[in-house]
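Asks: quick one, structure for this:
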Amino acid sequence: MRPSTPLGMNGRLLGPLAVLGALVSCSFTTAGNFEECKSDRDCGTVAACSQGYCLKLPDGCVRQEAGGSTRAFEADAGDRIPLAALLPLSDNGVADNSELQGLNAMRLAISEVNDRNGLKNRSFGLFVCDTGRVEETTRLQTAWMVENLHVPAILTSGSGQTQLVAKHPVRLDAGTMIMSATATSPSLISTFQNERNVWRVSPPDTLQARALANLIKADFPDAGGVRVDVVFEDTDYGGGFGQPMADNLVALGFTNTRRKFKPGDTNEQTTVINGLANDGPRATVLIAFPADVRDLVTRARTFPALTRAGGHRWYLTDAVKDPAVLRTDDGGVAATMTELDLAIGTAPAQGAGGAFAAFRDSFRTRYGLDPNSFSYTSHSYDAMWLVMLSAAFAESAGGLSGTNLGLGMGRLSTTTAPTPLRLDKWTELSNQLIQGLSTNVEGASGALDFDTDAGVPLAPYEVWQVSDGGIRVLRLTNP
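Replies: Residues are numbered from 1 along each chain as shown. Okay, here's the model as predicted:
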């Protein structure tokens with residue numbers, strides 16, 4: 001098992017010296033004796049105060065300050081509301097910038113609420129773990145957060161890791177609420193129906209597959225005889241998107257071959273590209289993450305028929321909406337920049353909600369980046385808001401348990417006019433829910449009217465394009 005790297009306050013991965021400094025800041029005594037504490041602040045950033053003692057967090061986990069707020073540090077440990085975010089912030093030692101910016105969006109939301117006195121003067125505390133996309137690491141972190149901090153909710157990322165956390169026996173016994181900003185696999189619908197407390201902000205990929213297929217049809221109106229292959233990673237996410245993607249293309253009159261590969265497997269990548277070169281599709285849909293996409297496109301450009309100059313077109317998906325796909329790991333220009341220039345992709349819509357403008361301004365001010373350059377930043381912001389609002393309802397339902405938070409999700413979609421999820425609306429919305437009332441909310445990502453048979457909202461998609469060495473959003477489309 002590869003140990004993961006903790007995060008700094010700015011959302012960047014810490015180096016070994018910074019990690020060492022964090023460890024020193026929480027001085028445990030020897031011979032198994034722990035330092036006594038009254039608040040998390042007494043324990044440094046890699047430990048938590050639990051039942052009067054500092055407990056070291058699992059490898060890869062830190063306690064994160066919620067933006068500019070210090071309330072989460074100052075409150076007594078028994079008075080803070082602990083939330084856990086288990087995210088693949090790195091992959092094989094390389095930072096995932098989209099995940100890091102999603103975490104920043106969560107931190108923005110929690111700091112805004114804490115700066116407005118939190119929930120009945122109780123601060124939300126955020127404990128963040130880098131899973132490194134390692135299953136055993138994810139399992140250990142899940143069990144620790146539930147057993148030691150009794151977190152009522154865990155925020156996750158990605159379909160496979162969301163399934164992994166949701167099915168953990170410790171999580172199931174505790175009834176801990178699961179909320180994901182980025183999980184899009186259709187298989188999670190059945191998970192929700194079985195567990196009833198596994199929620200997500202993004203719609204399933206079956207709908208995105210339909211939206212992308214319609215865009216390809218517009219580019220190739222005479223689909224008969226046109227070959228558009230589908231390449232996807234052999235994961236819950238890749239298969240859940242790739243298979244319906246290919247089915248939609250066939251239904252529109254295209255022919256295709258479905259080609260899958262294991263993430264990071266160079267031999268399987270070579271097989272995929274050789275197959276494309278032999279069959280010569282007019283276009284290829286790529287369903288994978290930036291590192292694999294860079295490798296695949298770089299291999300493909302050695303075959304004239306698979307180059308942009310040769311007339312081949314690439315179509316991209318939400319996992320690729322990251323400027324990192326155009327850069328090498330050391331920040332240089334990747335070969336993919338030329339080959340993917342003007343390529344079209346889809347992703348769950350970022351700016352479809354009335355709260356997006358305020359969120360975008362706040363995100364730019366705090367982090368100096370445009371959230372539109374990444375997938376799911378607004379969904380991550382909304383995910384944290386939904387968890388905190390559900391906690392407000394739980395206060396009226398008998399306490400901050402995961403089960404009661406799940407009940408709170410059912411109180412956030414009514415037929416009344418929606419209230420945007422903005423910092424100036426927290427007091428109004430939380431007070432309604434504390435009183436046991438229902439409300440209607442609209443997030444930065446769009447309407448949050450949940451299908452309570454599926455655990456997902458119905459939402460549009462954005463059409464984005466690689467352009468001028470970056471990514472720009474062109475328009476919204478419905479599936």
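
Asks: which secondary structure elements does the helix ranked longest in the chain contact?
Replies: Assignment by DSSP state H gives helix 377-396 as the longest helix of the chain. Judged by 3 or more Cβ pairs under 8 Å, 6 or more residues apart in numbering; DSSP states H and E, the packing partners of helix 377-396 are strand 81-87, helix 97-114, strand 153-156, strand 177-180, helix 356-367, helix 402-409, helix 426-434, strand 441-442. Any C-beta I mention is one placed from the backbone N, CA and C, and that applies to glycine too.

Asks: quick one: the strands in the stretch 51-200 of the chain?
Replies: For the stretch 51-200 of the chain, applying DSSP state E, counting those that start in this stretch gives strands covering 53-56, 61-64, 81-87, 90-91, 94-95, 124-130, 153-156, 177-180, 198-200.

Asks: check the stretch 201-350 of the chain too.
Replies: 228-233, 258-261, 283-287, 313-316, 344-348.

Asks: what strands line up against the last one, and which way round?
Replies: In this case it means strand 344-348. strand 313-316 (parallel), strand 461-467 (antiparallel) (DSSP bridges).

Asks: list the buried residues in the longest one.
Replies: Residues of strand 461-467 classed as buried under the neighbour-count rule (16 or more other Cβ atoms under 10 Å) are 461, 462, 463, 464, 465, 466.

Asks: for the nearest residue to residue 320 once chain neighbours are set aside, give me its contacts.
Replies: Using Cβ to Cβ, 6 or more residues apart in numbering and skipping residues adjacent in sequence, the residue nearest residue 320 is residue 293, 5.3 Å away. The neighbours of residue 293, taking Cβ atoms under 8 Å, 6 or more residues apart in numbering as the test, are 286, 316, 320, 325, 336.

Asks: returning to that earlier point: export the strands paired with strand 344-348 as JSON lines, with columns for mean pLDDT.
Replies: Below are these laid out as JSON lines (pLDDT from 0 to 100):
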{"stretch": "strand 313-316", "mean pLDDT": "96"}
{"stretch": "strand 461-467", "mean pLDDT": "91"}
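
Asks: any idea which of these gets closest to residue 206?
Replies: strand 461-467 (12.1 Å; Cβ to Cβ).

Asks: sort out which residues of the helix or strand following that closest one are buried, please.
Replies: Remark: after strand 461-467, the chain's next helix or strand is strand 470-477, criterion DSSP states H and E. Applying a neighbour-count criterion of 16+ other Cβ under 10 Å, one finds 471, 473, 476 buried in strand 470-477.

Asks: output strand 470-477 in CSV with nothing but the alpha carbons.
Replies: Output in CSV follows, covering the C-alpha atoms of strand 470-477 (Å, rounded to 0.1, in the frame of the first residue of the first chain):
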residue,chain,number,x,y,z
GLY,A,470,-7.1,26.1,-22.2
ILE,A,471,-10.8,25.1,-21.8
ARG,A,472,-13.8,27.2,-22.5
VAL,A,473,-17.5,26.5,-22.0
LEU,A,474,-19.6,27.0,-25.2
ARG,A,475,-23.2,26.4,-24.2
LEU,A,476,-25.6,24.2,-22.2
THR,A,477,-27.5,21.3,-23.7
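
Asks: gap between the residue nearest to residue 320 and residue 463?
Replies: 18 Å (Cβ to Cβ, to the nearest Å).

Asks: same question for residue 451.
Replies: 24 Å.

Asks: and for residue 46?
Replies: Counting by Cβ to Cβ, the gap from residue 46 to residue 463 is 42 Å.

Asks: again, but for residue 252
Replies: Distance from residue 252 to residue 463, by Cβ to Cβ: 17 Å.

Asks: try residue 288
Replies: For residue 288 relative to residue 463 (Cβ to Cβ), the value is 19 Å.

Asks: any idea where the helices of the stretch 151-300 of the chain begin and end?
Replies: 159-166, 169-174, 187-195, 205-219, 236-251, 266-279, 290-300 (DSSP state H, counting those that start in this stretch).

Asks: and stretch 281-289, how far out from the chain's middle?
Replies: 22 Å (Cα atoms, centre = their mean, to the nearest Å).

Asks: residue 221: how many residues sit nearby?
Replies: Neighbour count for residue 221, taken as other Cβ atoms under 10 Å: 8.

Asks: can you check residue 368 too?
Replies: Using other Cβ under 10 Å, residue 368 has 8 neighbouring residues.

Asks: likewise residue 179?
Replies: Residue 179: 27 neighbours (other Cβ under 10 Å).

Asks: likewise for the one 3 residues further on?
Replies: For residue 182, the count of nearby residues is 27 (other Cβ under 10 Å).

Asks: just checking, it touches residue 202?
Replies: Yes. At 6.1 Å, residue 182 and residue 202 qualify as touching, with contact defined as Cβ atoms under 8 Å.

Asks: what do the two both touch?
Replies: Joint contacts of residue 182 and residue 202 (Cβ under 8 Å, 6+ apart) are 376, 379.

Asks: extract the CA atoms of stretch 235-254 and return them as PDB.
Replies: The C-alpha trace of stretch 235-254 is given here as PDB (Å, rounded to 0.1, in the frame of the first residue of the first chain):
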ATOM      1  CA  THR A 235     -13.700   0.900 -14.200                       C
ATOM      2  CA  ASP A 236     -17.100   1.400 -12.900                       C
ATOM      3  CA  TYR A 237     -17.000   4.900 -14.300                       C
ATOM      4  CA  GLY A 238     -15.600   4.000 -17.700                       C
ATOM      5  CA  GLY A 239     -17.900   1.000 -18.300                       C
ATOM      6  CA  GLY A 240     -21.000   2.800 -17.000                       C
ATOM      7  CA  PHE A 241     -20.300   5.600 -19.500                       C
ATOM      8  CA  GLY A 242     -18.700   3.700 -22.400                       C
ATOM      9  CA  GLN A 243     -21.300   1.100 -22.900                       C
ATOM     10  CA  PRO A 244     -24.300   3.400 -23.100                       C
ATOM     11  CA  MET A 245     -22.200   5.800 -25.200                       C
ATOM     12  CA  ALA A 246     -21.600   3.100 -27.800                       C
ATOM     13  CA  ASP A 247     -25.300   2.100 -27.700                       C
ATOM     14  CA  ASN A 248     -26.500   5.600 -28.300                       C
ATOM     15  CA  LEU A 249     -24.100   6.000 -31.300                       C
ATOM     16  CA  VAL A 250     -25.400   2.700 -32.800                       C
ATOM     17  CA  ALA A 251     -29.000   3.900 -32.300                       C
ATOM     18  CA  LEU A 252     -28.200   7.000 -34.300                       C
ATOM     19  CA  GLY A 253     -26.800   5.000 -37.200                       C
ATOM     20  CA  PHE A 254     -23.000   5.000 -36.500                       C
END
